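Colleague: Got a predicted structure here, sequence first:
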Amino acid sequence: MLSRRDFLATGATAAAGLALGPDSVSGVPAPVAHLRARPLARPVVVASSNGLRGVKVAYDQIVAGTDTLDAIIAGVNIQELDPEDQSVGLGGLPNEDGVVQLDASCMHGPTKRAGAVGCLEDIATPSLVAKAIMDYTDHIMLVGADARRFAIRMGFTPQNLLTEKSRQDWLRWKSRLNPNDFWLDHDDDVRIRFSTGTINMNAVNANGDLSSVTTTSGMAWKVPGRVGDSPIIGAGQYCDNAVGAAGSTGRGESNIMTCGAFLCVEFMRQGLSPEQAVLRTMERVVATTQSKLMGPNGRPHVDLQFYAVSRDGRFAGGSLYEGPGYAVCDDQGPRVAPCVYLFKASERPRRG
Ligand code: GLY
């Protein structure tokens, strides 16, 4: 007689591609058989398109033997430290008070650990602070002033993250808020950014070990104290070493409502490809979008993207609307690939 465990390990089950029931010992849903049957992967790093430089750095480190999480954090550090990227780290667009507040989280598949930081001020690399929380505490998330104090105790150097460019954008936004206040409008035609930019990066190495990280300055001009999806494990990013990793950029509130990164990994656990998983996740986002965010044509006003990599090295990027690409690096080199999408750009509703 084969035990249930022996039976699950047989190639017959793998060939059938059957989804397995909960693990009899832990009660945790087991990965589908075809994922268990593939121990080795094709190394690949995927990210939001602003991670094009970072995916190359991370990929090169991974093939040289660096741990996947260390490699992708080195990848996102490039954007965090780049004052020209106004969606993350140094130079990120500030909250409505003109203060830069950062969020980040990470997961390390092989050791099943996670770290996160929310509403962090004055530290340019929240991804590394999230990892320090993971490495040096038995907690997962620290926030606000105490997260800053923790970071400084861990050796991070505080600095002013508000660049002159971002301060000027904030001043323009502020001066145009109300025609009856005492701020003079600037009659220039500089477009005021309203960013929900972020960088998410996910990777798998040749052993099938996975990691994920997401870091952001969050929504531009947000209410002070607002925390988005990026530091929420299961929303901003998620990683299960038995299945895959996924993460998101775009309007965080919509993603939090869907637990999008977790859902994407769960879809892959059920046997969907990364491409199918990001599409199904976005369908769920649309289904959970409140009516005030929907246009008359039943399409959301929201921008949201997901990026996913499976344990065997398949990958995809997906966007609600046609247009954005995503960054990928594998043995073909770094490039921006087109996202799969739910809706054509022409279907995007106009704001009334
Ligand atoms: N996805 C970034 C944010 O909403 O904060």
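Modeller: That came through, no problem.
Colleague: In which helix or strand does residue 118 reside?
Modeller: strand 113-120 (DSSP states H and E).
Colleague: and after that strand, which helix or strand comes next?
Modeller: helix 126-136.
Colleague: so after that following helix, what's the next helix or strand?
Modeller: Downstream of helix 126-136, the first helix or strand assigned by DSSP H and E is strand 141-143.
Colleague: Could you confirm whether that next one reaches the ligand?
Modeller: No - Strand 141-143 is not in contact with the ligand by Cβ under 6 Å from any ligand atom; minimum separation 13.8 Å. All C-beta spots, glycine's among them, are computed from the backbone N, C-alpha and C.
Colleague: Same question for stretch 298-311.
Modeller: No - figure legend: stretch 298-311 not in contact with the ligand (Cβ under 6 Å from any ligand atom); closest approach 8.1 Å.
Colleague: Show me where the stretch 101-250 of the chain has its strands.
Modeller: Applying DSSP state E, counting those that start in this stretch to the stretch 101-250 of the chain gives strands spanning 102-108, 113-120, 141-143, 199-204, 210-216, 237-240, 244-250.
Colleague: Generate JSON lines for those strands, with distance to residue 303 and mean pLDDT as supplementary columns.
Modeller: Below are the strands of the stretch 101-250 of the chain laid out as JSON lines (distance: least, Cβ to Cβ, whole Å; pLDDT from 0 to 100):
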{"stretch": "strand 102-108", "distance to residue 303": "18", "mean pLDDT": "98"}
{"stretch": "strand 113-120", "distance to residue 303": "22", "mean pLDDT": "98"}
{"stretch": "strand 141-143", "distance to residue 303": "25", "mean pLDDT": "98"}
{"stretch": "strand 199-204", "distance to residue 303": "14", "mean pLDDT": "98"}
{"stretch": "strand 210-216", "distance to residue 303": "14", "mean pLDDT": "98"}
{"stretch": "strand 237-240", "distance to residue 303": "18", "mean pLDDT": "98"}
{"stretch": "strand 244-250", "distance to residue 303": "5", "mean pLDDT": "97"}
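Colleague: To residue 135, which of the ones you listed lies closest?
Modeller: strand 113-120 (7.3 Å; Cβ to Cβ).
Colleague: Which residues does the closest one contact?
Modeller: 101-108, 126, 129-135, 140-144, 147-148, 151, 225-227, 231-233 (Cβ atoms under 8 Å, 6 or more residues apart in numbering).
Colleague: Can you tell me which of those residues are buried?
Modeller: Neighbour counting by 16 or more other Cβ atoms under 10 Å classes 101-108, 126, 129-134, 140-143, 147-148, 151, 226-227, 231-233 among these as buried.
Colleague: how about the residues of this protein that lie near the ligand?
Modeller: 196, 198, 216, 218-219, 228-230, 249-252.
Colleague: Considering only the stretch 101-250 of the chain, name the residue that lies closest to the ligand.
Modeller: Nearest to the ligand in the stretch 101-250 of the chain, going by Cβ to the nearest ligand atom, is residue 228, at a distance of 2.3 Å.
Colleague: how many other residues sit next to that residue?
Modeller: 27 (other Cβ atoms under 10 Å).
Colleague: Where does the prediction get shaky in the stretch 101-250 of the chain?
Modeller: Of all residues in the stretch 101-250 of the chain, those with pLDDT under 70 make up the ranges 186-196.
Colleague: one step back: what phi and what psi does the backbone show at the spatially closest residue to the residue of the stretch 101-250 of the chain closest to the ligand that is not a sequence neighbour?
Modeller: Among residues not flanking residue 228 along the chain, residue 252 sits closest, at 3.0 Å (Cβ to Cβ, 6 or more residues apart in numbering). When read as degrees, to the nearest 10, the backbone of residue 252 gives phi -60, psi -40.
Colleague: Now that residue 252 has come up, it's in contact with residue 222, right?
Modeller: No - counting by Cβ atoms under 8 Å, residue 252 does not reach residue 222; the two are 9.5 Å apart.
Colleague: Need the residues touching each of the two.
Modeller: Shared contacts of residue 252 and residue 222, defined by Cβ under 8 Å, 6+ apart, comprise residue 228.
Colleague: These two: which has the busier surroundings?
Modeller: Neighbour count, other Cβ under 10 Å: between residue 252 and residue 222, residue 252 has more, with 28 against 20.
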